[in-house]
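**Q** have a look; sequence and predicted model below, questions after that.
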Amino acid sequence: MKSEKISLPHLIGITCCLGLALAAHVSSLPPWVLATIVLCAAIRLTLGLRNGGLPPRWLLMTVSGLAIALLWLRFRTFTGLAAGTALLALMAGLKLLETRLKRDFYIITLIIFFLCIAALLNSESFWLLGYLIGTAWLTALTLLRVTTTQPAPNWLLSLRFSGRLLLQALPLMLILWLLFPRLSSPLWNFGVGSHSAESGLSDSLNPGDITELAMTDDVAFRVRFATQPPPPSEQYWRGPVLHDFDGRVWRHSLGLPARNRPATLETEGPAYKYTINLEPHQHTWVYTLDWPSEWNLPGAGLTGDYTLVEAYPVSRPIDVTATSYTHVRTAAPLSREARYRDTQLPEDRNPRARALSAQLRSEHPDDLGLVQAVLDMFSKQAFYYTLTPPALGAESVDDFLFNTRRGFCGHYASAFATLMRGAGIPARIVTGYQGGTYNRFANYWIVQQNRAHAWVEVWMEPRGWVRIDPTSAINPSRVEASVNDAVGADEPLADHWQRRSGWFGDAWLRLDQLRDLWREQIITFNQDSQERLLVKLHVPEPDGQKLVLVLSGALSLVFLWLTWQLKRELNPRSPDKLARSYHRLCTKLAAAGLARHAYEGAEAYGARVASLRPDLGAAVTALCRQYSLLRYARQSAHPTLSQFQAAVRAFRAGPGRVRPARARRPGSPGSSRS
Amino acid sequence: MTIHRRRVYILPTRHGLMLAVVLTAMLVAGLNYNSNLALIFAFLMGSVTLVTMHHCNRNLLRINVDATLEADAFAGSDARFEFVLRNDSKVERRDIEVRCNAASAMSVIPAGESRSISVTVPVARRGITRVRQFELRTGFPFGWFFAWTYVYAPLTIYAAPIPKGSRALPSAYGKGSSSYSEARGDEDFSGLRAYEPGMPLKHMAWKVLARGGEAAVRSYSSLAAQPEWLEWSELEGLDDEARLSQLCQWVLDSEAASRFYGLRIPGRQIEPSGGAAHRFACLRALAAYGAASSP
């Protein structure tokens, strides 16, 4: 019985569910895996339509063997998330090919569930969760229809039933999710980062990279200031610092140890305390306000360039509380190696730029004058700001400075640093983000990818490293507005958030507030959150043991509720209002010793009561008459239900005496004439 | 009788156990990656499973069962038990299976209705089989769990011997009245007897009844006067089962011919009569032959 064959509609149903689950993996699965699965499904459905048999066993074995071998060649492992998902997806496809019995159907269902969870492991998307829960719902629906006796109830009823199961499972799920003990560290590390793409800035700068970022609205991080926030013009969020230039691309210094001890800083001005809610970007660095001095991230440390880095790539959303100063001076002098490194230029590249620096150097012997001269050049000459610059030739800096003169922050920072180095001034490029959008509804700042920015730090005696943002020097009249709203990405001084005004801006901010809430309450929920929850529930000194106790208590309560809920539906159908009201009348009369016999109709009963208790006769006869009219006559009958109910409520049988002469023993035959 | 909570048992099926393994793997994956969304999904699926368990258990609760306690059959054929399941609740009961002696039948009982399920139990040998209990079970929904309950009821199967044997009815050769068989078609009408349930309707005095009289049966002198005795002792030379088979055949033949007949086997004698009830009594007597106790 358990191995009945399944019919074509059910086969199509489960194939669709599998397709829905796989759709969540489309971007991460190798295309040939998807192609294999689609092919398997097509073959199986064609066979099903033609009512043909299954493909021969040897073919199945060959295809499986081939697929698994290919998978091994591609991933060299089966344990990682990417390889495991691909293997699972292939298994589902091949299983589909030999699906014939209910048993196979159960297995595919389980694979679908597992594919869903694999898609969620590295995701934070509310929509993906909703989508996959929907997929699970449809899968359950299909399973329900396959496993119940045929004919199954119609689709809508099945949908409602499985939906009800999901709804009834919600409280239980909530309790488990809130209180189930979490692991403080993973049991196995399968290389979490391999599955999801890196996002945000990278550790190299090729003018053109940032354009792609400027087009995206994704949130890089959100900031909550505990103190007064710095003015927008000082909100520079520091990322990786780039030293090595090959004439075209700037790279993070390869030759230097990653953790050089940073020089101590003398701070000026106010300290800014804030919390960064960083989205995962699969890089080790953590963005902080320029320049960071304290942070609460164990395992993280500053590089010699004052970039905060984590021990592992940030693959989960993290919250970092830090303190920064926007005005600092570097106390220690620049080391020889550092000075050498930050004045290096490739000898054979960009000759015209180098000539220009040499010329500027001879005109401006002091560093400050030289910096000012270059900034003036950007500002006074016809340099344009655009997000769609023309392509640059092999000598990119020369091409930019003397031909195209159109670009964005990457181009200006690159050109500026080149000119400085050419003049012997140590210069390095800092990448990160500038500014942020203030959410006035929830008092935090949103920093999106389109605020990605690059600026330059030059070494000026005696101050040390000084931030120069050459992009800000461009005359605002030469900013070419793009169709895309993201044009403001490189406008450090523009109050970008003001652009988002009106109801659209408000709606966007509200939406981001929801996203932030989702992130804060759901995505980053962890052991600490559980402890805070227990404290809120007045559990003293919460620990793991108490958590389990509270969990079991809550689970018992939910089970009780569920049992009660399900039992309630087992009660017989309640009678309608009219029947209840009539029953009430009978009860009142029974209390006066005039119980209705089971066989008595309403009017016969009324007549009997009238003969036994003449004092009640008129009232009872009328009520019984009304009841039969309401029950059996057409809708337009004179008395209404509410009148009848009111009359029954008002009726009092009273303690009158039953006339003994005509009273008969209840239940004796012959007392009925109905 | 009504199914009570304490008597419903539930266990996961093979598919349920597989699901449990997958759910555990999902939980471990969610915990290992510390992914709250994966955990939400895993816990949701786990909760659905637990809710399903409750539904499966509830599916049997408060069902009212009535059963025919006795079933007649010939050896080698099927005995049929009728079970009437009543569902007074507001929910449909799907996939309710009644199992009885390894035979089973399944039905859906809509809310507030009752359904009759007949289970045909194959009977191999002659004799009386007592089934002390039957089982209600359900795998609904999803077949991840199955719930079952035992209903204790004295179900009895009377398996009569296979009707077989070529010997003619005793009247055809015995008692010396060879002319009787020829004159069988026009026996003398000898009077009316009061009707008793089980008498052949063929002999019903409809006209008397139509006139408003008591129900009566026409009685024929030949039948009334010469009840036919189907005797064990007349079947010399056959073994017990063959005798029983022959007697069974005779009972059927006599009934088909609307005769009055009696049965005499060792330890049991059934006075001559006719009709369906009499026939059943005779067949049950044949079934019970040799059994420790008779019905």
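**A** Sure, I can see it.
**Q** excluding residues flanking it in the chain, which one is nearest residue 64?
**A** Unless you meant another one, I'm taking chain A. residue A:94 (5.3 Å; Cβ to Cβ, 6 or more residues apart in numbering or on different chains). Bear in mind the C-beta positions are built from the backbone N, C-alpha and C, glycine included.
**Q** please go with chain B instead
**A** Nearest to residue B:64 is residue B:86, by Cβ to Cβ, 6+ apart, at 4.0 Å.
**Q** returning to that earlier point: give me the mean pLDDT for the helix or strand that contains the residue nearest to residue A:64.
**A** Under the criterion of DSSP states H and E, residue A:94 resides in helix A:81-97. Regarding helix A:81-97, the rounded mean pLDDT is 85.
**Q** that helix: what's the following helix or strand?
**A** Beyond helix A:81-97 toward the C-terminal end (DSSP H and E), the next one is helix A:102-120.
**Q** now check that following helix, is it near chain B?
**A** Yes - Helix A:102-120 reaches chain B (Cβ under 8 Å from any Cβ of the partner chain) through A:102-103, A:106-107, A:110, A:113-114, A:116-118, A:120.
**Q** buried sites along whatever helix or strand comes next after that helix?
**A** Sequence order places helix A:126-147 as the next helix or strand after helix A:102-120, per DSSP H and E. For helix A:126-147, the neighbour count (16 or more other Cβ atoms under 10 Å in any protein chain shown) marks A:128-129, A:131-133, A:135-147 as buried.
**Q** just stretch A:334-351 next, same as before
**A** A:334, A:338, A:341-343, A:345, A:349-350.
**Q** three-state assignment of residue A:327?
**A** strand (DSSP: H, G, I helix; E, B strand; the rest coil).
**Q** surely it meets residue A:267?
**A** Yes - the criterion here is Cβ atoms under 8 Å, and residue A:327 meets it with residue A:267 at 7.2 Å.
**Q** follow-up on the earlier one: reformat the residues of helix A:102-120 next to chain B as JSON lines; add pLDDT and neighbour count.
**A** Listed next are the residues of helix A:102-120 next to chain B as JSON lines, based on pLDDT from 0 to 100; neighbours: other Cβ atoms under 10 Å in any protein chain shown:
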{"residue": "A:102", "pLDDT": "85", "neighbour count": "19"}
{"residue": "A:103", "pLDDT": "87", "neighbour count": "15"}
{"residue": "A:106", "pLDDT": "93", "neighbour count": "23"}
{"residue": "A:107", "pLDDT": "92", "neighbour count": "17"}
{"residue": "A:110", "pLDDT": "94", "neighbour count": "20"}
{"residue": "A:113", "pLDDT": "94", "neighbour count": "24"}
{"residue": "A:114", "pLDDT": "93", "neighbour count": "23"}
{"residue": "A:116", "pLDDT": "94", "neighbour count": "26"}
{"residue": "A:117", "pLDDT": "93", "neighbour count": "27"}
{"residue": "A:118", "pLDDT": "91", "neighbour count": "26"}
{"residue": "A:120", "pLDDT": "91", "neighbour count": "27"}
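**Q** lowest-scoring secondary structure element of the chain by mean pLDDT?
**A** Answering for chain A, as no chain was given. Across the helices and strands of chain A, mean confidence by mean pLDDT, DSSP states H and E is lowest for helix A:496-499: a mean of 46.
**Q** switch to chain B, that's the one I care about
**A** In chain B, no helix or strand scores lower on mean pLDDT, DSSP H and E than helix B:178-182, which sits at a mean of 38.
**Q** tally of neighbours for the residue nearest to residue A:64?
**A** 19 (other Cβ atoms under 10 Å in any protein chain shown).
**Q** could you pull out the helices for the stretch 1-150 of chain B?
**A** B:14-32, B:36-58 (DSSP state H, counting those that start in this stretch).
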